[in-house]
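Enquirer: Provided below are the primary sequence and the corresponding predicted coordinates.
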Amino acid sequence: MPRRARMYLPGYAYHVVQRGNNRENCFISADDYQLYLDLWRRCAKRYKVNVHAYCLMTNHIHFLVTPANETGLSNTMKVVGSRYAFYINRRYERTGTLWEGRHRSSLVQSAQYLLSCYRYIELNPVRARIVRYPEEYKWSSYGYNGLGSPSWLMHHPDYLHLGTTASERCKNYRALISQKLDTSEIQMIRKAAHYNQPVAERAFRQQIEKTYGVKFGYMNRGRPKQKAS
């Protein structure tokens, strides 16, 4: 029996992560990266998902998106993932699964954490010491957000608040991304993605649970330990 598609809250931003099976490479040539992005561009338009930022690493991907409906993001991930896996298996004469299970996702609280997620995503190649500066890495959205290069992506309202003109926003974003993320921010974003938890303050999380009747569960496996009486 097929698993039900995950339901996402329309109008809220999500940080999405998917890794290659056994941490193996998902991208080998430049054509692979480009085809994957082309699939995302087409599917995001079809399923009404606004893409704000992304980074394609050799063995995993990061996207920051806002779906316009409950199923658009799940459909996008399903179609992109399956079509890309078919392409990779055919091109490189391989068999078996390409991805490490289902994608992981974190609802991101706007204003407080959204621009931190932008920076976390686009600074991945810098933290991995692949490049010294984000503009040196071709397979991320930094060219769009930091340099103003043309793109099919869509700016999030929080990004638009960085300035009144495109050049001003790019300048302020470059200044922002030049500041290293705190270790605590990096750990929070990573942990939230691993456990499919919100990148948000507790009050915001509780508000979402109450308003929409959703349960996010716990950040660690299992239930919290109870204090001894």
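Expert: All right, it came through fine.

Enquirer: show me what the helix of greatest length in the chain is packed up against.
Expert: Longest helix in the chain, counting residues (DSSP state H): helix 72-91. Helix 72-91 sits against strand 13-19, helix 30-47, strand 49-56, with contacts defined as 3 or more C-beta pairs under 8 Å, 6 or more residues apart in numbering; DSSP states H and E. Any C-beta I mention is one placed from the backbone N, CA and C, and that applies to glycine too.

Enquirer: now do the first one, average pLDDT.
Expert: In this case it means strand 13-19. For strand 13-19, mean pLDDT is 98.

Enquirer: quick revisit: can I get the longest helix of the chain in CSV, CA atoms only?
Expert: Coordinates of the C-alpha atoms in helix 72-91 are reproduced here as CSV (Å, rounded to 0.1, in the frame of the first residue of the first chain):
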residue,chain,number,x,y,z
GLY,A,72,2.4,20.7,-3.9
LEU,A,73,5.7,20.1,-2.1
SER,A,74,5.1,16.4,-1.7
ASN,A,75,4.2,16.0,-5.4
THR,A,76,7.2,18.0,-6.4
MET,A,77,9.6,15.9,-4.4
LYS,A,78,8.0,12.7,-5.6
VAL,A,79,8.1,13.5,-9.3
VAL,A,80,11.5,15.2,-9.3
GLY,A,81,13.0,12.4,-7.2
SER,A,82,11.6,9.5,-9.3
ARG,A,83,12.4,11.1,-12.7
TYR,A,84,15.9,12.0,-11.7
ALA,A,85,16.6,8.5,-10.3
PHE,A,86,15.4,7.0,-13.5
TYR,A,87,17.7,9.3,-15.5
ILE,A,88,20.7,8.4,-13.3
ASN,A,89,20.1,4.7,-13.4
ARG,A,90,19.8,4.7,-17.1
ARG,A,91,22.8,7.1,-17.8
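
Enquirer: where does the chain dip in pLDDT?
Expert: For the chain, the stretches with pLDDT under 70 are 1-5, 218-229.

Enquirer: show me the strands in it, by range?
Expert: 13-19, 49-56, 60-67, 104-108 (DSSP state E).

Enquirer: rewinding a little: with Ser82 as the reference, name the closest of the helices and strands packed on helix 72-91.
Expert: Nearest to Ser82, of all the helices and strands packed on helix 72-91, is helix 30-47, at 9.9 Å by C-beta to C-beta.

Enquirer: what's the closest of the helices and strands packed on helix 72-91 to Ser167?
Expert: Closest to Ser167 of those is strand 49-56 (C-beta to C-beta; 18.8 Å).

Enquirer: quick one: list the elements packing against that closest one.
Expert: helix 30-47, strand 60-67, helix 72-91, helix 114-122.

Enquirer: would you list the strands of the chain in JSON lines and tack on mean neighbour count and distance to Arg127?
Expert: Shown next, in JSON lines, are the strands of the chain (neighbours: other C-beta atoms under 10 Å; distance: least, C-beta to C-beta, whole Å):
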{"stretch": "strand 13-19", "mean neighbour count": "21", "distance to Arg127": "14"}
{"stretch": "strand 49-56", "mean neighbour count": "23", "distance to Arg127": "11"}
{"stretch": "strand 60-67", "mean neighbour count": "24", "distance to Arg127": "12"}
{"stretch": "strand 104-108", "mean neighbour count": "23", "distance to Arg127": "18"}
